[in-house]
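Colleague: what's the 3D shape of this:
(2 chains)
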Protein chains: 2
Amino acid sequence: MARGKSQTQRTRSYESDEHERGACEWCEYALVITLATILLIGVSALTIFWVFYYRDGYAWADGSPAKQFNLHPTLMVAGFITFSGFSVLLYRICRCFRRIYVKLLHAIFHALAFPCIVIGFLAVFDYHNKSGINNFYSLHSWIGLVAMGLFGIQYAVGFFSFLLLLICNKGTAGFRASLVPVHAAFGILTFVLGVCACLTGLTEKALFSIGADAYATLTDESIVVNAIGMSIVAVAVVVLYTVRGTGGYRLRKVAAQHPS
Amino acid sequence: MARGKSQTQRTRSYESDEHERGACEWCEYALVITLATILLIGVSALTIFWVFYYRDGYAWADGSPAKQFNLHPTLMVAGFITFSGFSVLLYRICRCFRRIYVKLLHAIFHALAFPCIVIGFLAVFDYHNKSGINNFYSLHSWIGLVAMGLFGIQYAVGFFSFLLLLICNKGTAGFRASLVPVHAAFGILTFVLGVCACLTGLTEKALFSIGADAYATLTDESIVVNAIGMSIVAVAVVVLYTVRGTGGYRLRKVAAQHPS
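Modeller: Next up, the predicted model:
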């Protein structure tokens, strides 16, 4: 009976079958959470500061396409970096919570990222059309399209497989377990592509708006744009370091459950 | 005695304690190797084609700084993508080889990447100085500096810890094992930063050399430059998918050997 209860608990959270954390691990854990929170909020705050201080703030339909464009970097950084970053990290660092709560938090943060990415995309698409600029010609736009496509597929597959299929919990357990490492690997990939899209976009924006000559003299705005880029790199460092081995961990657990 | 022999074999290769691969896993394995080889060689081949066909080839000290610059993208793509990519993948896919051979192959491929990165850096540094362009002002250069720094540290730490310390095999086993997940996590990170540096560099080059207006009309050269960028993205997809869970795999093995 006691064994049965422990079995049930094991299926509800991720770390009940792991060893207890040592003091050193708790320190690393606290450091990562603090650093990640500062960086994830900081990168969006810095982008908003940049737009208000150097780029005249935001607008949509008041006849200022340049101000409408400003929604694009802000919302894409919020969607692909801040919300997605929190979502990935929460999934990794809340492993002693009940699984369903962690999944819901993961889904909610991605649900917050979703409208940011959609409106961010529409903002630049409409800006290009209003200003007579071609769409989808640059490397940045190609990477962005792939990242958005992957984000959509991942969200749909994740929502269907890990939340909807819980209706038929027992019958889909094997399928869901085998999908976890693939979802984790492509999730990290989507995040990395989001990072690449942001960095190439910032490079384009710096050369277009600051201008190649002024950018090369490292004006105040150049430093702010580079700082946004380097904060995104720092977020990538923290997220990739924190999620190291997530896919493998689950893969090995599945392999142990279903030995071939 | 038989147990002792099996213990020794376990320490020599990575997968002797894993389950045998199924037909499906072998198919995935063959597909990844083929795809990775085509992409890794293809991306460098495409860069060389671009330079010869659209950018007048290479030179160093014949009074043509633009031709000297061309060494920069070619060598950086070769160093950070082709050689580093092969090195990371080889380490992951040759896991049934003897450990020391895999380590040596990993070290040799990174040793090939090393001079590419150094000469690639000197080429652009010298080009900037000859042409009176400031150094280290762009986001691309900042990311590139971090990537080069990490590459150097990883190479030094890896060479010292995983090859030199083998002189004192037994005494350093615990230290080396605990270093593996950190080396793996920062290795993947260095690779991702190399990818980011290449993509921001290609964006800069497209806007500087093709020009913003011509780039927006998607000329032949724009498509070639974007194709190089997307090939790098494809390499990142294959490499990140292949190495998923490497750090975790070793981390869990270490944790099992040294429970806290």
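
Colleague: for the closest residue to chain B within the stretch 1-150 of chain A, what are its contacts?
Modeller: Proximity of the stretch 1-150 of chain A to chain B (CB to the nearest CB) peaks at A:L139, 4.1 Å away. (Glycine included, C-beta is placed from N, CA and C.) Neighbour list for A:L139: A:T200, B:L199, B:L202, B:T203, B:A206, B:V225, B:N226, B:G229, B:M230 [criterion: CB atoms under 8 Å, 6 or more residues apart in numbering or on different chains].

Colleague: now distance to B:L46 too, for those, in JSON lines please.
Modeller: Shown next, in JSON lines, are the contacts of A:L139 (distance: CB to CB, whole Å):
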{"residue": "A:T200", "distance to B:L46": "18"}
{"residue": "B:L199", "distance to B:L46": "14"}
{"residue": "B:L202", "distance to B:L46": "11"}
{"residue": "B:T203", "distance to B:L46": "16"}
{"residue": "B:A206", "distance to B:L46": "14"}
{"residue": "B:V225", "distance to B:L46": "10"}
{"residue": "B:N226", "distance to B:L46": "11"}
{"residue": "B:G229", "distance to B:L46": "10"}
{"residue": "B:M230", "distance to B:L46": "10"}
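
Colleague: can stretch A:44-59 be found next to chain B?
Modeller: No. Stretch A:44-59 lies out of reach of chain B by CB under 8 Å from any CB of the partner chain, never closer than 13.0 Å.

Colleague: which residue packs closest to A:A113, ignoring adjacent ones?
Modeller: Distances taken as CB to CB, 6 or more residues apart in numbering or on different chains put A:F83 closest to A:A113, at 3.7 Å, once the chain neighbours are dropped.

Colleague: which residues in the stretch 1-150 of chain A form helices?
Modeller: For the stretch 1-150 of chain A, the helices defined by DSSP state H, counting those that start in this stretch occupy A:2-12, A:23-54, A:65-69, A:71-76, A:84-93, A:99-131, A:139-158.

Colleague: of all these, which one is nearest B:I38?
Modeller: B:I38 sits nearest to helix A:139-158 of all the helices of the stretch 1-150 of chain A, at 18.8 Å, using CB to CB.

Colleague: buried set for stretch A:130-150?
Modeller: A:Y137, A:S138, A:L139, A:H140, A:S141, A:W142, A:I143, A:G144, A:V146, A:A147, A:M148, A:L150 (16 or more other CB atoms under 10 Å in any protein chain shown).

Colleague: how far does that stretch stretch from start to finish?
Modeller: End-to-end span of stretch A:130-150 (CA to CA, to the nearest Å): 28 Å.

Colleague: just how off-centre is that stretch within its chain?
Modeller: Remark: stretch A:130-150 is offset 19 Å from the chain centroid, using CA atoms, centre = their mean, to the nearest Å.

Colleague: could you do stretch A:177-195 as well?
Modeller: 10 Å.

Colleague: ok so, going back, need the buried residues of stretch A:130-150 in a markdown table (columns: distance to B:I100 and pLDDT).
Modeller: Shown next, in a markdown table, are the buried residues of stretch A:130-150 (distance: CB to CB, whole Å; pLDDT from 0 to 100):
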| residue | distance to B:I100 | pLDDT |
| --- | --- | --- |
| A:Y137 | 49 | 97 |
| A:S138 | 46 | 97 |
| A:L139 | 41 | 98 |
| A:H140 | 43 | 98 |
| A:S141 | 46 | 98 |
| A:W142 | 42 | 98 |
| A:I143 | 39 | 98 |
| A:G144 | 44 | 98 |
| A:V146 | 39 | 97 |
| A:A147 | 40 | 98 |
| A:M148 | 45 | 98 |
| A:L150 | 38 | 97 |
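
Colleague: picking that back up, count the neighbours of the closest residue to the residue of the stretch 1-150 of chain A closest to chain B other than its chain neighbours for me.
Modeller: Using CB to CB, 6+ apart and skipping the chain neighbours, the partner closest in space to A:L139 is B:G229 (4.1 Å). By other CB atoms under 10 Å in any protein chain shown, 26 other residues sit near B:G229.

Colleague: wait, B:G229 touches A:G144, no?
Modeller: No. The criterion here is CB atoms under 8 Å, and B:G229 misses it with A:G144 at 11.8 Å.

Colleague: ok so, going back, what's the angle from the host helix or strand of the residue nearest to A:L139 to helix A:139-158?
Modeller: According to DSSP states H and E, B:G229 maps onto helix B:220-242. Orientation of helix B:220-242 against helix A:139-158 (axes from the mean of the first three to the mean of the last three CA atoms, to 10 degrees) gives an angle of 30 degrees.

Colleague: can you list the buried residues in helix B:220-242?
Modeller: Across helix B:220-242, burial judged by 16+ other CB under 10 Å covers B:221-222, B:224-242.

Colleague: tell me the mean pLDDT over it?
Modeller: Confidence over helix B:220-242 (mean pLDDT, whole number) is 96.

Colleague: can you name every helix or strand that that helix contacts?
Modeller: helix A:139-158, helix A:173-205, helix B:23-54, helix B:84-93, helix B:173-205 (3 or more CB pairs under 8 Å, 6 or more residues apart in numbering or on different chains; DSSP states H and E).

Colleague: and the angle from that helix to helix A:173-205?
Modeller: 140 degrees.

Colleague: pull out the CA atoms of helix B:220-242 and give them to me as CSV.
Modeller: C-alpha atoms of helix B:220-242 as CSV (Å, rounded to 0.1, in the frame of the first residue of the first chain):
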residue,chain,number,x,y,z
ASP,B,220,20.9,36.7,-56.9
GLU,B,221,23.7,37.6,-54.4
SER,B,222,21.1,38.4,-51.7
ILE,B,223,19.6,34.9,-52.2
VAL,B,224,23.1,33.3,-52.0
VAL,B,225,23.9,35.2,-48.8
ASN,B,226,20.5,34.3,-47.2
ALA,B,227,21.1,30.7,-48.3
ILE,B,228,24.4,30.6,-46.5
GLY,B,229,22.6,32.0,-43.4
MET,B,230,19.8,29.5,-43.6
SER,B,231,22.3,26.6,-44.1
ILE,B,232,24.0,27.8,-40.8
VAL,B,233,20.5,27.7,-39.2
ALA,B,234,20.0,24.2,-40.6
VAL,B,235,23.4,23.1,-39.1
ALA,B,236,22.3,24.5,-35.8
VAL,B,237,19.1,22.5,-36.0
VAL,B,238,20.9,19.2,-36.7
VAL,B,239,23.6,19.8,-34.1
LEU,B,240,21.2,20.9,-31.3
TYR,B,241,18.9,18.0,-32.1
THR,B,242,21.8,15.5,-32.0
